[in-house]
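Asks: only geometry, no sequence info:
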């Protein structure tokens, strides 16, 4: 049994070193492609997600040593304007990120990355460059460009695109980063849209405002639970009296 445990542990260790070697190879390839003087061991990537400007959000993911560093992922609700403008949204997100760095109060923002990747091309890069100047930030900045089938195609610079498909390790890494930041941003967007739809279903009931809708969702967790709740169960929620509980019950059960 001891020999078997030793063998399993050795294999696990070997597998870990193989993964680390592959990650380092990818970082070395990426560094050469982008003309960087050091390995991008700490990478931040950003994406914007909305539906025709509704529930406009940004997502930030972090890759450390070529692997997702999820404890430092962060979400941003766009606050500076209403409507759809991905360039302006990206600029706001980076502005807020660098402002947090200057404050030095949040661990996720306390260190500047070696490389920042934006989901998009020259437009996104041009939109955020003034933010870098404003905060006097000197970090390598590039975009991630997709093809017509939404697959990673190239790295974008202000001077044009750098093809990466011939560099297998770097291509896999950039694709993983682009897919992850897109997943993270769109998941946050869908969560906010879903919450908004739930709130609107409740606030359409006369007498139920945003505060009462929030209290109901906090208490019952889901709309299904609210709809199946009895009048007495609804009355247990702060701010919901007998008359309003009966109104809510009738809305969903009559």
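Replies: Ah, there it is. Predicted, not measured: the structure shown is a model, and the values here were computed from it.

Asks: Show me the helices in this protein, by range?
Replies: In the chain, helices defined by DSSP state H lie at 2-34, 86-103, 122-134, 168-203, 210-220, 223-227, 231-235, 242-253, listed in chain order.

Asks: List the buried residues of the fourth one.
Replies: Buried residues in helix 168-203, counting neighbours by 16 or more other CB atoms under 10 Å, are found at 169-178, 180-182, 184-186, 188-189, 192-193, 198-199, 201-203. In this view, the C-beta of every residue, glycine as well, is placed from N, C-alpha and C.

Asks: The residue nearest to residue 76 when sequence neighbours are not counted: neighbour count?
Replies: Nearest residue to residue 76, sequence neighbours excluded (CB to CB, 6 or more residues apart in numbering): residue 58, at 4.0 Å. Look at residue 58: counted by other CB atoms under 10 Å, it has 28 neighbours.

Asks: One more: residue 55?
Replies: By other CB under 10 Å, the residues close to residue 55 number 20.

Asks: how close does it get to residue 64?
Replies: For residue 55, the distance to residue 64 (CB to CB, to the nearest Å) stands at 29 Å.

Asks: The residue nearest in space to the middle of the chain: what's it in contact with?
Replies: Central residue of the chain (CA atoms, centre = their mean): residue 59, 2.8 Å from the mean position. Counting by CB atoms under 8 Å, 6 or more residues apart in numbering, residue 59 touches 46-49, 73-76, 181, 184-186, 188.

Asks: Could you rerun that using 10 Å?
Replies: Residues in contact with residue 59 (CB atoms under 10 Å, 6 or more residues apart in numbering) are 45-49, 73-76, 93, 119, 180-189.

Asks: Excluding chain neighbours, give the residue nearest to it in space.
Replies: Leaving out its chain neighbours, the residue that sits closest to residue 59 by CB to CB, 6+ apart is residue 185, at 3.2 Å.

Asks: ditto for residue 151
Replies: Setting aside the residues directly before and after it, residue 151 is nearest to residue 175 in space (CB to CB, 6+ apart), at 7.4 Å.

Asks: And for residue 179?
Replies: Nearest in space to residue 179, with sequence neighbours left out and distances taken as CB to CB, 6+ apart, is residue 152 at 8.0 Å.

Asks: From residue 113, how far off is that neighbour?
Replies: Counting by CB to CB, the gap from residue 152 to residue 113 is 19 Å.

Asks: in the stretch 101-250 of the chain, which ranges drop under the pLDDT threshold?
Replies: 194-199 (pLDDT under 70).

Asks: Please give me every residue in contact with the closest residue in space to residue 208 that isn't next to it in sequence.
Replies: Taking CB to CB, 6+ apart, and ignoring the residues beside it in sequence, residue 208 has residue 202 as its nearest neighbour in space, at 5.2 Å. If a contact means CB under 10 Å, 6+ apart, then residue 202 has 208-210, 212-217, 223, 226, 248, 251-252 as its contacts.

Asks: possible to save those as JSON lines with neighbour count and distance to residue 84?
Replies: What follows is those, written out as JSON lines (neighbours: other CB atoms under 10 Å; distance: CB to CB, whole Å):
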{"residue": "208", "neighbour count": "21", "distance to residue 84": "30"}
{"residue": "209", "neighbour count": "13", "distance to residue 84": "28"}
{"residue": "210", "neighbour count": "10", "distance to residue 84": "24"}
{"residue": "212", "neighbour count": "19", "distance to residue 84": "31"}
{"residue": "213", "neighbour count": "20", "distance to residue 84": "26"}
{"residue": "214", "neighbour count": "16", "distance to residue 84": "27"}
{"residue": "215", "neighbour count": "17", "distance to residue 84": "32"}
{"residue": "216", "neighbour count": "25", "distance to residue 84": "31"}
{"residue": "217", "neighbour count": "18", "distance to residue 84": "27"}
{"residue": "223", "neighbour count": "17", "distance to residue 84": "28"}
{"residue": "226", "neighbour count": "23", "distance to residue 84": "32"}
{"residue": "248", "neighbour count": "24", "distance to residue 84": "35"}
{"residue": "251", "neighbour count": "16", "distance to residue 84": "33"}
{"residue": "252", "neighbour count": "14", "distance to residue 84": "34"}
